[in-house]
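Undergrad: sequence first, then the predicted structure:
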Amino acid sequence: MKQINLTTKITVYSYDECTDVEKKLIDAAKEATSNAYAPYSKFNVGAALLLENGQIITGNNQENAAYPSGLCAERTAVFYANAQYPEQKVEALAIAAFYDGDFTSDLTSPCGSCRQVLLEVESRYESDVRILMYNRKNEVFVADSMRSLMPLSFGKQAFDQKNQ
Ligand code: THU
């Protein structure tokens, strides 16, 4: 028997410690919460992607009376960016959420399906996506990549292996 311990590094910055570009990205994610369509959960999520050319693409959650038909903020942003700018690698993603009259006191981290989609983005562009998760205490939790948030993930490497 052997044991494998998996560790994930998260660096916690204060908003003020972030670079100007990171601040812009976080601000954009916060701003994007205001256009969320979340009449059911009332949990407004904003996502902001930084593309290689410096452009920022935002998205927000779009809910539906048929609940599973809705989509999270992160995937709304990613699919839009990939549809409009397929040549632009995605460098970073900031996430913020507004609930019950204020930004959340806890960070908002991407759900499992969004993680899977972001993992695909990393393999598609062969480049890590930094994940910045904001809370109203002005803390920014940073993961260096989606891979690091998804140990033992299923990805395109599964198709690269030879049958033994
Ligand atoms: N949601 C997101 O948009 N992103 C996340 O990272 C977590 C959850 C949305 C889905 C749903 O509209 C609402 O938040 C409550 O789950």
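TA: Done, it's in.
Undergrad: and this structure, which residues reach the ligand?
TA: For the chain, the residues in contact with the ligand (Cβ under 6 Å from any ligand atom) are 38, 41, 43, 45, 61, 63, 70, 72-74, 108, 110-111, 114. Glycine gets a C-beta too; all of them are placed from N, C-alpha and C.
Undergrad: again, only using 8 Å
TA: When proximity is defined by Cβ under 8 Å from any ligand atom, the chain lies next to the ligand at 36, 38, 40-41, 43-45, 47, 60-63, 70-76, 95, 97, 108-111, 114.
Undergrad: now which of the residues you listed would you call buried?
TA: Among these, those classed as buried by 16 or more other Cβ atoms under 10 Å are 36, 38, 43-45, 47, 60-63, 70-76, 95, 97, 108-110, 114.
Undergrad: can you list the weak-confidence ranges in this protein?
TA: Across the chain, the ranges flagged by pLDDT under 70 are 163-164.
Undergrad: from E87, how far off is P68?
TA: 32 Å (Cβ to Cβ, to the nearest Å).
Undergrad: how about the helices in this structure?
TA: Secondary structure of the chain (DSSP state H): helices located at 20-32, 73-84, 112-125.
Undergrad: okay, how far is it across stretch 80-94, tip to tip?
TA: Using Cα to Cα, to the nearest Å, the end-to-end distance of stretch 80-94 comes to 15 Å.
Undergrad: where's that stretch relative to the chain centroid, distance-wise?
TA: 12 Å (Cα atoms, centre = their mean, to the nearest Å).
Undergrad: do the same with stretch 60-73
TA: 16 Å.
Undergrad: what's in contact with that stretch?
TA: For stretch 60-73, the surrounding residues in contact (Cβ atoms under 8 Å, 6 or more residues apart in numbering) are 32-33, 35-41, 43-47, 59, 76, 95, 110-111, 113-114.
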